[in-house]
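**Q** with the sequence up front, the predicted model follows.
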Amino acid sequence: MKILVPVKRVIDYNVKVRVKADQTGVDLANVKMALNPFCEIAVEEAVRLKEAGVATEVVAVSIGAKAVQEQLRTALALGADRAIHLETEHNLDSLQVAKLLAKLVEEEQPKLVILGKQAIDSDNNQTGQMLAALTGMGQGTFASKVVVDGDKVQVTREIDGGLQTVELSLPAVVSTDLRLNEPRYASLPNIMKAKKKPLDVKAADSLGVNLDSKVSTLKVTAPPSRKGGVIVESVAELVEKLKHEAKVI
């Protein structure tokens, strides 16, 4: 069974994000970039399924400029067998990404697509659902447990009311939540081996998808600074402030 794992290049979660002075976007100059944390979980789950004998091949894919190859090499170091880079300089929205992945699914014919539920830069949480709709595959989102049994996959989902388990027929799309697993660290030998693993580069516009986004960013602003707390002398004063200043009661 082949597993396809889409991954994304994002600002490292330890880095404090800076907004450009003209508010047109986020300042990426000299900023450390990394593999999206939810994508790391997706790669780990796919590799575990291969180690368990369920999968035979794990293919990582990323869309973007040449720089995303760094994150694809990370995925290879974590255990993926080969990688595909859909190269483009366009800033794509979620639907365009899903359409490109749908074209790749047609070519690669994976039995399972595992991807992070969202990227920590845009936090859209859309691509997995859109991909499932475009390909006609069943979807198990927000997965905290994945069990493959023959031509079925059971996905335990984290929902507002607790946990829900769904059973999907393969092929299927699964998006990962935080508690699915704890990703491994890439060892130095595996990092060296990753340099020799195949990484295929394709032009994204060769897949027949319109890459002109219909979504435009109007303005990007930093969140407002939090005001300092105050110490109240009594419960009555606390209630008064909650009622008239905070307006929460």
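**A** It's in.

**Q** which phi and psi does Ala186 have?
**A** phi -80, psi 120 (degrees, to the nearest 10).

**Q** the residue nearest to it when sequence neighbours are not counted: neighbour count?
**A** Excluding the flanking residues, the one nearest Ala186 by C-beta to C-beta, 6 or more residues apart in numbering is Ala77, at 3.8 Å. No exception for glycine: its C-beta is placed from N, CA and C like everyone else's. Here the number of neighbours of Ala77 (other C-beta atoms under 10 Å) works out to 22.

**Q** relative to Thr176, how far out is Ala77?
**A** Between Ala77 and Thr176 the distance is 19 Å, computed by C-beta to C-beta, to the nearest Å.

**Q** tell me the bridge partners for the residue most central in space within the chain.
**A** Residue closest to the mean C-alpha point of the chain, counted by C-alpha atoms, centre = their mean, is Gly116 at 3.4 Å. Bridge pairing for Gly116 (DSSP bridges) gives the partners Thr176.

**Q** hmm, it is touching Lys8, no?
**A** Yes: in terms of C-beta atoms under 8 Å, Gly116 counts as a neighbour of Lys8; the distance is 7.4 Å.

**Q** now list whatever residues contact both of these two.
**A** Counting by C-beta atoms under 8 Å, 6 or more residues apart in numbering, the contacts common to Gly116 and Lys8 are 36, 39.

**Q** re earlier: per-residue confidence for the residue nearest to Ala186?
**A** pLDDT, Ala77: 96.

**Q** ok, Glu245 next?
**A** 84.

**Q** check Val232 too.
**A** On the pLDDT scale, Val232 gets 88.

**Q** what about the residue nearest to the centre of the chain, distance to Ala143?
**A** Counting by C-beta to C-beta, the gap from Gly116 to Ala143 is 10 Å.

**Q** what touches both of these two?
**A** 175-176.

**Q** which strands and helices sit next to the strand ranked longest in the chain?
**A** For the chain, the strand with the greatest residue count under DSSP state E is strand 138-149. In terms of contacts (3 or more C-beta pairs under 8 Å, 6 or more residues apart in numbering; DSSP states H and E), strand 138-149 is packed against helix 37-51, helix 127-135, strand 152-159, strand 162-169, strand 172-176.
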